[in-house]
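> Just to be clear, the model below is a prediction. Sequence and coordinates:
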Amino acid sequence: MDSIQLQALHYETLLKASKGAEAKASYAFEKAMEYSILNESLVLHAQTYAQLLGVEASFISDAYYEIRPHFDTMDDSVAILGWESPHWPRQVDSFAFRPRFLYVQGNVGLLSQCAVSVIGTRSPSLEGKQLALSTAQSLGKAGYVVASGLALGIDGVAHKAALAAGYPTIAVIGTPINACYPPEHRALQQEIAKAGAVVSRFSPATVTQKWHFLLRNRLMSALSDASVVVEDRDGGGAVRQAAFALEQKKYLFIYQSSVDNHSVLWPRQFANQSRVFIIKKSQDLPRVLNQAKKTREGVGKPRQKAVQLDLF
């Protein structure tokens with residue numbers, strides 16, 4: 001087991017021993033780094049770690065022997081990135097809930113390239129599917145990496161459209177890298193791992209929880225220059241990511257067809273916020289995004305007319 005694997009194993013052990021308290025685990029991990037014991041067997045220093053966490057040494061040993069087998073059997077093709085890794089994506093460093101490690105299968109270099117999230121409902125309309133496909137193709141043609149969350153519906157269409165056209169795509173998942181959700185996308189996940197990259201913030205020992213998918217969306221937004229919500233219901237995961245994108249001062253794109261759909265409220269709630277652009281055609285997306293990045297358009301509250309009409 002190399003140094004980065006050992007460090008990730010130690011962190012996950014501390015997280016387990018602290019009952020999921022990331023602040024406590026991170027504190028103990030950073031102190032262990034100061035003490036220069038991270039690259040040594042954790043059980044040799046169980047008492048030290050226990051004192052740092054404020055638990056009994058048996059908690060550390062029990063957690064270690066539970067976590068260790070998951071790392072021993074991890075696929076050799078999975079790269080572990082820590083904050084000090086040369087391939088660590090620096091664009092996530094300034095945002096809340098920054099993970100201590102990332103697990104990547106595929107081309108780790110894609111994480112540092114300009115990416116755009118293409119996201120939406122798991123039950124899209126025919127128009128939504130067509131928009132997802134053309135959005136992925138337009139972004140890929142313009143040189144952007146297509147990011148999405150491997151979910152059914154819009155996410156799957158976006159990934160498949162990028163792969164079919166030979167464009168790079170990143171799947172940011174809410175499960176460990178050695179798992180797949182939904183199971184129907186297992187083959188798709190494997191294909192993305194070969195042609196693009198699959199990224200998870202969760203170690204192979206993690207038991208997946210529902211709220212992990214919101215952390216997935218936060219990470220996906222942080223890795224992207226912008227998020228495009230193709231189509232979603234009120235309160236859907238893509239809408240949640242839209243809020244994360246604006247919180248992170250990223251750009252948000254919404255289609256005019258969603259704004260015109262009066263069965264949902266979320267598009268009009270976002271429409272007049274800064275960094276939000278309403279577009280009619282997917283072909284306009286790269287041009288508007290490039291212009292926004294170049295001129296800082298969207299900083300401060302934009303005029304609704306300018307966002308909806310003048311840019312097209």
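On my side now, so go ahead.
> For stretch 1-11, buried residues please.
Neighbour counts using 16 or more other CB atoms under 10 Å place 4, 6-11 of stretch 1-11 among the buried residues. C-betas here are computed from N, CA, C, even on glycine.
> Repeat that for stretch 63-72.
Buried positions in stretch 63-72, judged by neighbour count with 16+ other CB under 10 Å: 63-64, 67-68, 70-71.
> So what touches that stretch?
1, 5, 8-9, 12-14, 16-17, 42-43, 46, 178, 203-205 (CB atoms under 8 Å, 6 or more residues apart in numbering).
> what about burial for those, which qualify?
8-9, 12-14, 16-17, 42, 46, 178, 203-205.
> Now the two most distant members of those residues.
With CB to CB as the measure, no two of those lie farther apart than 46 and 178, at 26.6 Å.
> Nearest spatial neighbour of residue 264, chain-adjacent residues omitted?
residue 234 (5.3 Å; CB to CB, 6 or more residues apart in numbering).
> number of nearby residues for that neighbour?
By other CB atoms under 10 Å, 11 other residues sit near residue 234.
> Confirm for me that it is in contact with residue 262.
No - using CB atoms under 8 Å, residue 234 makes no contact with residue 262, being 11.8 Å away.
> three-state assignment of residue 252?
What DSSP: H, G, I helix; E, B strand; the rest coil gives for residue 252 is strand.
> What's the separation between it and residue 26?
Per CB to CB, to the nearest Å, residue 252 is found 30 Å from residue 26.
> which one of the two has more residues nearby?
Neighbours were counted for residue 252 and for residue 26 using other CB under 10 Å; residue 252 has more, 25 against 15.
> wait, residue 170 sits on residue 223?
Yes - assessed by CB under 8 Å, residue 170 is found in contact with residue 223 at 7.1 Å.
> Common neighbours of the two, please.
Shared contacts of residue 170 and residue 223, defined by CB under 8 Å, 6+ apart, comprise 111, 115, 147, 199.
> ok so, going back, so of the contacts of stretch 63-72, which ones are in helices?
If you go by DSSP state H, the contacts of stretch 63-72 have 5, 8-9, 12-14, 16-17, 46 in helices.
> Tell me the one among those nearest to residue 213.
residue 12 (19.5 Å).
> Thought residue 205 was touching that closest one, still the case?
Yes - with contact defined as CB under 8 Å, residue 12 counts as touching residue 205 (5.5 Å).
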